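Visitor: The following block contains a protein sequence and its predicted model.
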Amino acid sequence: MNIHITEQAARKLADRLDEDKHLKLYYDTEGCGCGVDGIPVLWITDQMSPDDIEIETNAMPVVVEKSQMMFYADQLTIDASGSNYYRLSSPGEILNGRMNIINHS
């Protein structure tokens with residue numbers, strides 16, 4: 001998996017991350033019906049689970065749960081979308097055009 005973070009998104013994300021925090025791309029299925037229906041969100045967390053994999057990007061590491069990697073394309077881009085949102089896209093589609101960032105501890 002290759003994740004590219006645009007310059008604008010990297011600046012906004014860096015302002016939100018402390019030294020001991022991780023940026024996690026999480027596939028949230030809560031309230032979506034079943035385990036394969038969900039929506040990607042960004043978490044800022046200080047905890048990592050045994051299933052987490054750290055993906056090196058052009059700007060900062062992004063944590064992804066190994067079991068959730070099947071929901072994403074091999075090439076992803078995280079971009080800023082407005083003042084408070086981010087957009088996750090692949091070459092073929094927009095996976096979430098108004099992705100929130102959630103403090104999750």
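Guide: Alright, I've got the coordinates. Residues are numbered from 1 along each chain as shown.
Visitor: how close does the nearest residue to residue 103 once chain neighbours are set aside get to residue 26?
Guide: With Cβ to Cβ, 6 or more residues apart in numbering as the criterion, residue 103 has its nearest non-adjacent residue at 5.2 Å, and that residue is residue 44. Just so you know, the C-beta spots here come from the backbone N, C-alpha and C atoms, and that holds for glycine as well. Distance check for residue 44 against residue 26: by Cβ to Cβ, to the nearest Å, it reads 11 Å.
Visitor: contacting residues for the most centrally placed residue in the chain?
Guide: In the chain, the centroid-proximal residue (Cα atoms, centre = their mean) is residue 25; its distance is 2.6 Å. Each residue near residue 25 by Cβ atoms under 8 Å, 6 or more residues apart in numbering is listed here: 3, 40-43, 62-64, 72, 76, 78, 88.
Visitor: How about residue 73?
Guide: Under the criterion of Cβ under 8 Å, 6+ apart, the contact partners of residue 73 comprise 90-92.
Visitor: returning to that earlier point: show me what contacts the residue nearest to residue 103?
Guide: Counted by Cβ under 8 Å, 6+ apart, residue 44 has contacts 16-17, 21-24, 101-104.
Visitor: if we go to 7 Å?
Guide: Neighbour list for residue 44: 16-17, 21, 23, 101, 103-104 [criterion: Cβ atoms under 7 Å, 6 or more residues apart in numbering].
Visitor: What about those residues, which are in helices?
Guide: Judged by DSSP state H, the contacts of residue 44 include residue 16 as members of helices.
Visitor: how near is the nearest residue to residue 22 once chain neighbours are set aside to residue 100?
Guide: The spatial neighbour of residue 22 that comes closest, neighbours along the chain excluded (Cβ to Cβ, 6+ apart), is residue 63 at 4.9 Å. When Cβ to Cβ is applied, the distance between residue 63 and residue 100 equals 17 Å.
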